[in-house]
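Engineer: only geometry, no sequence info:
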């Protein structure tokens with residue numbers, strides 16, 4: 001039997017497991033962190049591997065377990081529903097070599113409109129740029145497609161995607177970011193600029209100073225509405241109708257991207 005203390009940001013939630021819940025607060029009582037104690041029955045080898053990993057990282061088993069469970073609720077359920085596949089970055093670089101440079105930005109735009117945006121709108125009912133930035137954060141943290149960072153100075157927000165996969169992938173992310181930001185151009189975003197190197201893309205976004213510029217917090221996404229019934233998982237299909245996507249669906253074995261008009 002293995003006992004974990006899991007933290008939650010959902011105040012007032014009711015559960016049969018609420019007995020044993022407690023409030024942890026800092027010494028100055030300026031911040032209260034709500035946690036609950038759950039008891040799990042785990043296989044012996046799982047406990048041993050958890051303990052070994054915790055010792056190697058210099059962390060408690062509780063911290064390691066919390067990270068794993070948070071990844072499950074934040075990422076695994078999302079990637080399962082939307083069929084997000086993981087692969088080696090070297091393969092992605094080789095695949096991009098077959099895409100003509102003039103099509104790369106359009107491919108990034110199409111990916112945002114038909115895939116990434118769907119994840120963002122399913123993750124939160126919030127509108128605006130915050131849930132969109134949150135999706136970038138999740139893909140960076142768990143999808144390992146790039147290292148994502150953001151910083152806010154005054155009314156300017158800087159987003160950095162460090163991918164290390166070459167010029168074409170920078171063009172891809174430029175197209176994706178431009179499309180994402182333009183969707184908020186009439187609301188929160190006043191203007192923006194994109195700069196890139198072969199291995200990273202930086203977006204500088206001037207926001208409406210009346211909007212909240214705090215980085216998106218986890219608590220904003222506690223009410224994620226992700227129905228995950230078997231029927232819904234099987235029924236999900238990409239809405240991407242771009243020439244590249246259509247060709248992939250029709251000809252899954254041989255794809256000659258250079259012939260796409």
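Structural biologist: Right, received. Where do you want to start? If you're wondering where the values come from, they're calculated on a predicted model, not measured in any experiment.

Engineer: where along this structure do the strands fall?
Structural biologist: 2-7, 22-25, 32-40, 147-153, 156-162, 189-196, 200-207 (DSSP state E).

Engineer: okay, these, which one's buried deepest?
Structural biologist: Per residue and on average, the most neighbours among the strands of the chain fall to strand 200-207, with a mean of 20 (mean count of other CB atoms under 10 Å). (C-beta placed from N, C-alpha, C; glycine too.)

Engineer: now do that strand, average pLDDT.
Structural biologist: The average pLDDT within strand 200-207 is 91.

Engineer: pull the longest helix from this protein.
Structural biologist: Counting by DSSP state H, the longest helix found in the chain is helix 167-182.

Engineer: next, the buried residues of that helix.
Structural biologist: 168-181 (16 or more other CB atoms under 10 Å).

Engineer: contacts for that helix?
Structural biologist: Outside of helix 167-182, the residues within contact range by CB atoms under 8 Å, 6 or more residues apart in numbering are 92-93, 96-97, 99, 101, 104-109, 111-113, 116-117, 129, 132, 146, 159, 161, 163, 189, 192, 194, 196-201, 203, 205.

Engineer: which among these end up buried?
Structural biologist: By 16+ other CB under 10 Å, the contacts of helix 167-182 give 96, 99, 104-109, 111-113, 116-117, 129, 132, 146, 159, 161, 163, 189, 192, 194, 196, 200-201, 203, 205 as buried.

Engineer: for residue 142, grab phi and psi.
Structural biologist: Main-chain torsions, residue 142, degrees, to the nearest 10: phi -110, psi -40.

Engineer: lowest average confidence across helices and strands of this protein, where is it?
Structural biologist: The helix or strand of the chain with the poorest confidence is strand 22-25; it has a mean of 32 (mean pLDDT, DSSP states H and E).

Engineer: let me see the ranges of the helices in the chain.
Structural biologist: 44-57, 61-71, 77-81, 89-96, 101-111, 117-123, 130-141, 167-182, 230-235, 243-250.
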